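1. Take a look and give me a structure for this.
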Amino acid sequence: MRAVLQRVSQASVSVDGETVGRIGPGLLVLLGVGRGDTDQDAETLARKIVELRVFQDDAGKMNLSLKETRGSLLVVSQFTLYGDTRKGRRPSFDMAAPPEEARRLYERFVEAARAQGVEVETGVFQAMMSVSLVNEGPVTFLVESRDPSRSGG
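-> Model prediction:
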C-alpha cells in the first residue's frame, strides 16, 4: 500500500457537489492499494500513519503523532498512486489492485485506523471526488507498507 500524507489544518472531500467527509487539523491520506497487498499491509500502514511524528511540539520540532494531537484522518482512495509512467505517455495501472480487492483493503485500512482511537472520515470508493485542503507547512510524505523494491512498484 502507498499513501501520500498531507498535514492539514482542514480538508474535505465532495462527490457531485455534496461534502461526504470533512476534518479539521490532522492528516489527509491519499491511499493506493497495490497488487499483492494484504490485511497486514493495511494494518501496518494505518498504525504507522497514526503514530508517525509529523506534528510540532512546543519547541517547534516534528515530535508529535496524530494520536497525541487528537487530530483526524481524511482517507481518500487513490489508485493512481500505482500508475507507472516510466514508459510512453499514458500511465499503466497494472500494479494497482483490482477494484474489489482494493475496496476491501481500503476499508480494512479505515477500520484499523479507527481502532487506533482517531476520528476517520472518508471519501467514496471509486467515485469522482473533489478534494480540498489547506496543507500546513507544507508537510507532505509518501509512506509505504513495505519496501517498494519488494512490492513490485
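2. Without its sequence neighbours, what residue ends up closest to the residue nearest the centre of the chain?
-> Centroid-nearest residue in the chain, with C-alpha atoms, centre = their mean: V29, separated by 2.6 Å. Distances taken as C-beta to C-beta, 6 or more residues apart in numbering place V75 nearest to V29, at 4.7 Å, with adjacent residues excluded. Glycine gets a C-beta too; all of them are placed from N, C-alpha and C.
3. go on, F93?
-> Nearest non-adjacent residue to F93, counting by C-beta to C-beta, 6+ apart: G83, 5.7 Å away.
4. for G71, same thing?
-> Distances taken as C-beta to C-beta, 6+ apart place G26 nearest to G71, at 3.4 Å, with adjacent residues excluded.
5. Isn't that neighbour up against L74?
-> Yes. With contact defined as C-beta atoms under 8 Å, G26 reaches L74; the gap is 7.0 Å.
6. between the two, what contacts are shared?
-> Residues touching both G26 and L74 (C-beta atoms under 8 Å, 6 or more residues apart in numbering): 8, 11.
7. So for the residue nearest to F93, what's the pLDDT?
-> In this prediction, G83 carries a pLDDT score of 95.
8. got a list of what it touches?
-> 91-93, 96.
9. Out of the residues you listed, the closest to V50 would be?
-> Nearest to V50 among those: A96, at 24.2 Å, using C-beta to C-beta.
10. beta partners of that closest one?
-> Beta-bridge pairing of A96 under DSSP bridges involves G34.
11. and the residue nearest to A113 when sequence neighbours are not counted, which of the three is it?
-> Distance criterion C-beta to C-beta, 6+ apart; nearest residue to A113, sequence neighbours excluded, is A46 at 4.3 Å. Counting by DSSP: H, G, I helix; E, B strand; the rest coil, the backbone at A46 sits in helix.
12. next one: the one 4 residues further on
-> At V50, secondary structure determined by three-state DSSP is helix.
13. shouldn't it be in contact with L66?
-> Yes. Using C-beta under 8 Å, V50 makes contact with L66 at a distance of 5.3 Å.
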